[in-house]
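Trainee: sequence plus predicted model, see below.
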Amino acid sequence: MPEVYKILFIEKISKTVKQETLEDIFGAYNGFVEVRLIAEKGFAFVEYLSDDYAAYALQDVKTLNMLHTLCHEDPETGIKVEPRINFGKRPRD
């Protein structure tokens, strides 16, 4: 079975999102290590102690639709933008 990675990647987040907001969401899960927010690019990395912790957080955040609080309107188009989350790296075949 391919290895799953312990870092989650969140993209399409508002450039105004605060580090603390992401820490509140992802820090509630066991094994949380840190959030690395690249606000000017609209993405962040969330690290956990292990693959299992990251996989659980990813599934739970998706299931509970917890990223809805990070939705924002694109200033150019006025269209609602929903963040996407997945593992930070894809396993190699």
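Mentor: Received, thanks.

Trainee: chain center to stretch 49-67, what's the gap?
Mentor: Mean-position distance between stretch 49-67 and its chain equals 9 Å (C-alpha atoms, centre = their mean, to the nearest Å).

Trainee: next one: stretch 14-23
Mentor: 11 Å.

Trainee: pull the CA atoms of it into CSV?
Mentor: In CSV, the C-alpha atoms belonging to stretch 14-23 read as follows (Å, rounded to 0.1, in the frame of the first residue of the first chain):
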residue,chain,number,x,y,z
SER,A,14,-9.0,33.9,1.5
LYS,A,15,-5.8,36.0,1.7
THR,A,16,-7.4,37.5,4.9
VAL,A,17,-7.6,34.3,6.8
LYS,A,18,-5.7,34.4,10.1
GLN,A,19,-3.2,31.8,11.3
GLU,A,20,-5.3,31.5,14.5
THR,A,21,-8.4,30.5,12.6
LEU,A,22,-6.6,27.6,11.0
GLU,A,23,-5.0,26.6,14.3
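
Trainee: low-confidence ranges in the protein?
Mentor: Scanning the chain with the threshold set as pLDDT under 70 gives 1-4, 89-93.

Trainee: what about the helices in it?
Mentor: Assigned by DSSP state H, the chain shows helices spanning 19-26, 51-63.

Trainee: other SSEs contacting the longest one?
Mentor: When contacts are defined as 3 or more C-beta pairs under 8 Å, 6 or more residues apart in numbering; DSSP states H and E, helix 51-63 sits against strand 7-11, helix 19-26, strand 43-48, strand 84-87. C-beta here means a position set from N, CA and C on the backbone, and glycine is covered the same way.
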